[in-house]
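Visitor: got a structure for you, letters missing:
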């Protein structure tokens, strides 16, 4: 969603890097472009004005270090202020009670129910035992949707169909939590198309009864500055503890994310970055700032990869690759693991300079090629995946027909796989050779015992 802003800021930074000396005139010109970029991104006018003024004062009032280029120092100041604007540090949940409770509030259509499921999944992976509570008694499909999410996540859902008293549902939920030994209740509350007094009063009564540890306001980032206004209203009535911004993977301009903390003084705690249940992450201001400035977010990428990759399976795969026993079944597993990390575009965008690379690259073609590879391998039998050498002309014709590709495409894929296998065998042989020559540690980091020749005893 920050693509347009990121592109404009990187253009400005090219000019800043060319500065030989920091003066009020050249810094003012560059910051004027930054201000326009922020306003185009739908950032609150006062927030943008204060941001530029702060950066200008720090840039002109700071001595330039001899080891740092003047323009780079201004970029560093912009980065630091952008981190401060987004909230400085990650604001974690504060769950003190037993059981703890979280109220999910917001307007209709902001993504409360889906975010409740995503948050429950995240907390379950952190070792907590969540219970989803269907507290939306007005939207007919809300309970069904939450129940479906619970089944998908294999987590319990408390609901009472036909019950219209939200407070009665809340009391029943706490009893169920004790019976099921659940330590975290997530209340999916009702929303409206716009803020009205009955909605607010119902939420106030529910808050007073539940005494939640967290009141999380779910906001659709695509609504721009309106999301900030909604946050201000909800905060005034309920004193929310934090926000969840949904649809950060969309084409919204990003003004809500950049304005939220300054206007409401409430942190953004989580961000929805896709439609899947795993597309939900804690909001890290510094990481988001580096993404906006085109510096990538390698830390988040590594975390996603670590979550997707099973360590034991990775060790087995390393051993297979070292011995040159990498099969099409293993290749299929690697393709699926990469898909679970995210799309190629999202992976590249997290690399330093990734946004610039994406301007000149169409990764959709590569994505389609990966999908076709997966379809080809899935059309094979288990024996064919493990022993591709048995794939004669008749088998290849069957696999091509089953996966909707031509025999030529299948042959190309198999040839590439054979080349990759040959390369792995060479790497394995090279590793053994290095072990013999160097002793100590082998190519794959394992300690090798030096061979000691025993001296023959003289008779």
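Guide: Structure received. All values derive from a computational prediction rather than experimental measurement.
Visitor: From here on, just use CA atoms for contacts and neighbour counts.
Guide: Fine.
Visitor: burial measure for residue 56, as a count.
Guide: 18 (other CA atoms under 10 Å).
Visitor: Same question for residue 55.
Guide: For residue 55, using other CA under 10 Å, the count is 22.
Visitor: and the helix or strand where it lies, what does it pack onto?
Guide: Here residue 55 sits within helix 45-61, counting by DSSP states H and E. Other helices and strands packing on helix 45-61, by 3 or more CA pairs under 8 Å, 6 or more residues apart in numbering; DSSP states H and E, are helix 24-40, helix 70-86, helix 255-264.
Visitor: how about CSV for the ones you listed, with mean neighbour count added?
Guide: What follows is those, written out as CSV (neighbours: other CA atoms under 10 Å):
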stretch, mean neighbour count
helix 24-40, 17
helix 70-86, 20
helix 255-264, 24
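Visitor: mind checking which of those is nearest residue 161?
Guide: Minimum separation from residue 161 across those (CA to CA) falls at helix 255-264, 35.8 Å.
Visitor: how's this protein carved up into domains?
Guide: Listed domain ranges for the chain are 3-86, 100-293, 308-314+322-436 (source: automatic domain parsing).
Visitor: Which residues are in contact with residue 189?
Guide: By CA atoms under 8 Å, 6 or more residues apart in numbering, the contact set of residue 189 is 103, 104, 105, 112, 134, 135, 136, 203.
Visitor: what about the strands in the stretch 201-350 of the chain?
Guide: Under the criterion DSSP state E, counting those that start in this stretch, the stretch 201-350 of the chain contains strands at 214-220, 242-246, 268-272, 280-282.
Visitor: quick revisit: pick out the shakiest of the domains of the chain, pLDDT-wise.
Guide: For these, mean pLDDT drops lowest on domain 3-86, to a mean of 73.
Visitor: For the residue nearest the centre of the chain, give the beta-bridge partners.
Guide: For the chain, residue 281 is the residue whose C-alpha lies nearest the centre (CA atoms, centre = their mean; 5.2 Å). Using DSSP bridges, the beta-bridge partners of residue 281 come out as residue 271.
Visitor: hmm, back to that, same list (the contacts of residue 189) but as a markdown table, adding neighbour count and secondary structure.
Guide: Listed next are the contacts of residue 189 as a markdown table, based on neighbours: other CA atoms under 10 Å; DSSP: H, G, I helix; E, B strand; the rest coil:
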| residue | neighbour count | secondary structure |
| --- | --- | --- |
| 103 | 26 | strand |
| 104 | 25 | strand |
| 105 | 27 | strand |
| 112 | 27 | helix |
| 134 | 28 | strand |
| 135 | 28 | strand |
| 136 | 22 | coil |
| 203 | 22 | helix |
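Visitor: Adding distance to residue 331, write the residues you listed out as a markdown table.
Guide: A markdown table is the format used below for the contacts of residue 189 (distance: CA to CA, whole Å):
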| residue | distance to residue 331 |
| --- | --- |
| 103 | 43 |
| 104 | 41 |
| 105 | 44 |
| 112 | 38 |
| 134 | 42 |
| 135 | 45 |
| 136 | 45 |
| 203 | 51 |
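Visitor: Out of the residues you listed, the closest to residue 422 would be?
Guide: The nearest one, if we look at these relative to residue 422 and count by CA to CA, is residue 112, at 50.7 Å.
Visitor: show me the contacts for the residue lying closest to that closest one once chain neighbours are set aside.
Guide: Spatially, and ignoring its direct neighbours in sequence, residue 112 is nearest to residue 218 (5.9 Å; CA to CA, 6 or more residues apart in numbering). Residues in contact with residue 218 (CA under 8 Å, 6+ apart) are 104, 105, 106, 107, 110, 111, 112, 115, 243, 244, 245, 246.
Visitor: chain center to the helix or strand harbouring residue 167: distance?
Guide: In this structure, residue 167 sits in helix 166-180 according to DSSP H and E. For helix 166-180, the separation from the chain centroid amounts to 32 Å (computed by CA atoms, centre = their mean, to the nearest Å).
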